[in-house]
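Peer 1: One predicted model, sequence on top.
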Amino acid sequence: MFVATLLCNPQTPCLAPALTELLRNAWGGGDVQWLAPDIAAEFSLQVRPDNHWDVWADLQDLGVDLVIQPTAGRRKKMLLADMDSTMIQQECIDELAEEAGVGAQVKEITARAMNGELDFDGALRERVALLKGLPVAVIDQVLDRRITLMPGGPTLLATMKADGAYAALVSGGFTAFTECVSDRLGFDENRANTLLVADGVLSGEVGMPILGRAAKVDALEQITARLGLTEADVMAVGDGANDLGMLGRAGAGVALHAKPSVAAECDIRINHGDLTALLYIQGYALSDFKG
């Protein structure tokens, strides 16, 4: 058995009942269950439709996301999340670069690295080198003035944790940011890279080893083993090329507002919904949300 979930941006509800019924009828699905009026609905399917991705593309033009997945085991016991452009709306290193006066140069490198065009480790070292001499106090200023949470994040964490799930934040960014974001959202643990500091300023170097694509897979393996879970119990979410390893291994790998080259390799693609989409695709209704 499968379940088809349709959803849209909760800030601009546009999921029409007529559209949902039309698709259910075309695919011979079960009764439509509304998870949130005009925002999210689902129905059961006996088989995965052959024209799944053609319909997905048509719905994208209407501002609607479509996810089809096996019904069994879709409610996960662990959330493994990227941070930059996933749990927060910014790339932290880009925001630091703006303060250092090298914003345009660093943003271009970041974009290419997240699209998989550059080696992640080398691109990170190159960008951090451009931050050399930046006062460490600027980090707190960036956190206070520039960093905003991705919509739906607090609800996602509160709801999954209330249901007993474990949450880990694993970032190719920096501990100076993950520790703050982790505390604000209620993650159980966080892992990231370390910016090295000398005499109150950034040294232009990053602590080794660098946490990149392989390290995110390591986190998936290590944390599930420690908790006695399987990879099938995990929902992973990210947007960049360095997330593909964990997205491919997790039971549900969600490409959230991801780079096209990243989304193309994932079966679950959320381009319109916010982070509450991760609850809807697990079968949570709006009435189940916490926080």
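Peer 2: Now that the structure is in, tell me what you want to look at.

Peer 1: So which residues of the chain form helices?
Peer 2: Assigned by DSSP state H, the helices in the chain fall at 17-27, 52-60, 92-100, 103-114, 120-129, 137-145, 153-162, 175-185, 213-227, 244-249, 260-263, 277-280.

Peer 1: Residues in contact with the second one: which ones?
Peer 2: Pointing back at helix 52-60 there. Residues from elsewhere that reach helix 52-60, judged by C-beta atoms under 8 Å, 6 or more residues apart in numbering: 6, 23, 49, 65, 66, 68, 269, 271, 272. In short, each C-beta sits where N, CA and C put it, glycine included.

Peer 1: hang on, isn't the third one packed against residue 27?
Peer 2: Yes - between residue 49 and residue 27 a contact is recorded at 5.2 Å, counting by C-beta atoms under 8 Å.

Peer 1: Looking at those two, which is more packed in?
Peer 2: Ranked by neighbour count (other C-beta atoms under 10 Å), residue 49 and residue 27 place residue 27 first, with 20 against 17.

Peer 1: ok, now which ones touch the more buried one?
Peer 2: Counting by C-beta under 8 Å, 6+ apart, residue 27 touches 4, 45, 49.

Peer 1: Count the neighbours of the spatially closest residue to residue 171 that is not a sequence neighbour for me.
Peer 2: Excluding the flanking residues, the one nearest residue 171 by C-beta to C-beta, 6 or more residues apart in numbering is residue 83, at 3.8 Å. By other C-beta under 10 Å, the residues close to residue 83 number 27.

Peer 1: Give me the pLDDT value at residue 83.
Peer 2: What the model reports for residue 83 is a pLDDT of 97.

Peer 1: got the contact list for it?
Peer 2: Taking C-beta under 8 Å, 6+ apart as the test, what residue 83 contacts is 92, 169, 170, 171, 173, 177, 178, 181, 192.

Peer 1: ok, now how distant is the residue nearest to residue 275 when sequence neighbours are not counted from residue 276?
Peer 2: Spatial nearest neighbour of residue 275, excluding adjacent residues (C-beta to C-beta, 6+ apart): residue 152 at 3.3 Å. Distance of residue 152 to residue 276, given as C-beta to C-beta, to the nearest Å: 4 Å.
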